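Student: build the 3D model from these lines:
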Amino acid sequence: MARLCFHTPPRHGFTYPTNPRVRKGLTVSMPPATRFTAVYAAMTAAHHVGDYLLQTDHQADHKAASRDRADGTAVSEVESWAANQTHVAGYHAAQLAFVALAAKSLGLRLSPGRLAAGVAFSWITHSVIDRRWPVRLWMTRTGSSGFYQVGGAAHADQAMHHAALFAAALLASGGDR
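Tutor: Here you go, the predicted model:
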């Protein structure tokens, strides 16, 4: 099977074939940076869908337990973990769907093991960040308590999620299948 590699110059003026019958059997090797960019874009799009479109009001209101909240709402540990994990499950269903769609449409050769590691990392970090105490702790320890009190927690929450997604995409996209 012919193999094209976009990160090396074409030999003898050979470029990507325009004949669909020739293209159909090609395996395209993709530079790791390109693969990472595609996976990160898919995970980021899925993040916005999972955190804003799929999350219910109940999940958002109950995913942090009473001890992890600043508003005094009474939520038990069991109830909070149930809401948290229901949200995180829907979020990661979207993440897997978006990454699978990107992989299929772009011809990404993702290792199933690395993809599982990236999604597991994302699942764990998302679950912990959504407990809210990591955001409060970060903002308190970095001298941002005032910003926390006027709505900065939501921004710090999203910054933490995006940093975790960056790491998850690195894990998921590394290495050819």
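Student: how many residues are close by residue 150?
Tutor: Neighbourhood size, residue 150 [other Cβ atoms under 10 Å]: 7. All C-beta atoms are positioned from the backbone trio N, CA, C, and that covers glycine.
Student: what's whichever strand or helix holds residue 48 packed up against?
Tutor: For residue 48, the host element (DSSP states H and E) is helix 32-48. Here helix 32-48 touches helix 77-106, helix 112-129, helix 153-173, going by 3 or more Cβ pairs under 8 Å, 6 or more residues apart in numbering; DSSP states H and E.
Student: so which of those is nearest residue 145?
Tutor: Checking the helices and strands packed on helix 32-48 against residue 145 by Cβ to Cβ gives helix 153-173 as the closest, at 10.5 Å.
Student: helix, strand or coil for residue 55?
Tutor: Using DSSP: H, G, I helix; E, B strand; the rest coil, the structure places residue 55 in coil.
Student: show me what contacts it?
Tutor: 87, 90, 91 (Cβ atoms under 8 Å, 6 or more residues apart in numbering).
Student: the second one: neighbour count?
Tutor: Looking back up the chat, that one is residue 90. Neighbour number of residue 90 under other Cβ under 10 Å is 18.
Student: my guess is it meets residue 51, correct?
Tutor: No - Residue 90 lies out of contact with residue 51 (Cβ atoms under 8 Å); the separation is 9.9 Å.
Student: re the thing from before, please work out which residues outside the helix holding residue 48 touch it.
Tutor: Outside helix 32-48, the residues that touch it by Cβ under 8 Å, 6+ apart are 6, 91, 94-95, 97-99, 101-103, 106, 108-110, 118, 122, 161-162, 165-166, 168-170, 172-175.
Student: in the protein, where is pLDDT below threshold?
Tutor: The chain contains residues with pLDDT under 70 at 1-29, 70, 175-177.
Student: distance check, the nearest residue to residue 110 once chain neighbours are set aside against residue 141.
Tutor: The shortest distance from residue 110 to any non-neighbouring residue, by Cβ to Cβ, 6 or more residues apart in numbering, is to residue 103 (5.4 Å). According to Cβ to Cβ, to the nearest Å, residue 103 stands 39 Å off from residue 141.
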